[in-house]
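> Any chance you could fold what I've pasted below:
(one chain, ligands or ions: 1)
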Amino acid sequence: MGRFTGKTGLVMGVASDHSIAWAISQALLAEDARLAFTYLPFQSNERRVRQLLEPLAPDMLVPCDVRKDDDIAQAFATLGQTYDRIDFLLHSIAFAPPDELKKPYVETSRAAWHLAMDASVYSLVATSRAAAPLMTQGGAILTISYFGGEKVIPGYNLMGVCKAALEHSVRYLAWDLGRQAIRVNALSAGPMRTISSAGITGFDELRDYAAHKAPLRRNVEPEDLGRAGVYLLGDDASGVTGEIVHVDCGFNVLGL
Ligand SMILES: NC(=O)c1ccc[n+]([C@@H]2O[C@H](COP(=O)([O-])OP(=O)(O)OC[C@H]3O[C@@H](n4cnc5c(N)ncnc54)[C@H](O)[C@@H]3O)[C@@H](O)[C@H]2O)c1
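Sure, this is the predicted structure:
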């Protein structure tokens with residue numbers, strides 16, 4: 001029997017087999033979780049995600065652009081029709097226009113700032129609000145952050161400011177939803193090569209640097225994130241909420 005036997009959750013943010021959401025999903029499935037999925041309905045993304053997820057025969061695989069209230073309402077209505085209740089939500093979503101990320105933060109346009117905050121931060125608020133009524137026996141919500149929300153990582157720019165807002169949203173959501181026995185945490189992941197990270201200038205250098213400098217002298221592997229995701233979404237973390245848990249081989253403890 002797995003640690004998630006009898007538990008059901010929604011995973012938002014699988015785009016490929018390199019996605020952090022995929023790594024955590026694999027670990028959850030290995031613990032016997034039942035998973036429903038949403039994906040961004042964008043031509044090439046939709047094809048890739050369906051090819052990856054359909055073989056798992058999930059109970060639910062529906063489109064959801066988190067910038068659209070109607071999409072969120074529809075996805076969670078389908079979720080409520082599919083299951084009596086859910087136990088967890090994995091929010092592994094972020095977006096900023098790649099051209100804007102290449103600019104110094106001081107050059108960020110108003111439109112890009114709003115778009116990035118909407119897709120990367122408000123989406124956690126909106127999906128947590130939609131998920132809470134389905135978590136009738138309590139639950140766990142997990143989002144994915146990065147150290148660039150705490151310290152300046154040149155090149156991370158606008159997304160760093162989004163991650164700072166995301167991390168503080170986690171704390172406020174933990175307060176609001178704690179009275180319903182719903183825990184809200186963030187996993188602050190070390191750098192991983194994914195579709196999203198390809199948009200960050202100097203990402204490969206950053207990854208090489210982290211591999212040499214981190215206390216564990218390596219970068220994170222998908223399995224590191226999977227195991228931490230299982231911990232934070234499961235009963236082993238029953239007393240943990242409002243936390244930003246670093247899974248970065250210790251990189252964040254360095255001063256120099
Ligand atoms: N890759 C890294 O190095 C790293 C490190 C720390 C944190 N993160 C964070 O992990 C999370 C997942 O990213 P990833 O690296 O796995 O990349 P990814 O590209 O595999 O996943 C990003 C997901 O966000 C989804 N998305 C973007 N805009 C959306 C929208 N409007 N509606 C619905 N979905 C939308 C994409 O479809 C994709 O599934 C992000 O929050 C990212 O910032 C990544």
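> residues contacting the residue minimising distance to the centre of the chain?
With distances taken as CA atoms, centre = their mean, S92 lies nearest the centre of the chain, 2.0 Å away. Counting by CB atoms under 8 Å, 6 or more residues apart in numbering, S92 touches 11-14, 19-21, 24, 143-144. Bear in mind the C-beta positions are built from the backbone N, C-alpha and C, glycine included.
> 6 Å - rerun?
Contact partners of S92, counting by CB atoms under 6 Å, 6 or more residues apart in numbering, are 13, 20-21, 144.
> Throw the residues you listed into CSV and include pLDDT and distance to R193, thanks.
Formatted as CSV, those follow (pLDDT from 0 to 100; distance: CB to CB, whole Å):
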residue, pLDDT, distance to R193
G13, 98, 16
I20, 98, 11
A21, 98, 15
I144, 99, 15
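> average pLDDT for the longest helix along the chain?
What stands out as the longest helix in the chain, according to DSSP state H, is helix 157-178. Summarised as a single mean, pLDDT over helix 157-178 is 98.
> So which bits of that helix are buried?
157-163, 165-167, 169-171, 173-174, 177 (16 or more other CB atoms under 10 Å).
> Next: stretch 208-223.
210-211, 214, 219-220, 222.
> now do stretch 63-72
Buried-residue list, stretch 63-72, by 16+ other CB under 10 Å: 63-66, 71-72.
> Count residues in the vicinity of P55, would you?
Close neighbours of P55, defined as other CB atoms under 10 Å, add up to 8.
> Now do the same for it: its pLDDT.
96.
> That one should be in a helix, yeah?
Yes. According to DSSP: H, G, I helix; E, B strand; the rest coil, P55 belongs to a helix.
> What are the boundaries of the helices in this protein?
20-30, 43-53, 69-82, 98-102, 110-117, 123-131, 157-178, 203-213, 222-233.
> what does the longest one contact?
Just to be clear, that refers to helix 157-178. 96, 100-101, 105, 108, 116-117, 120-121, 124, 128, 132, 145-146, 148-149, 184, 186, 241-242, 244.
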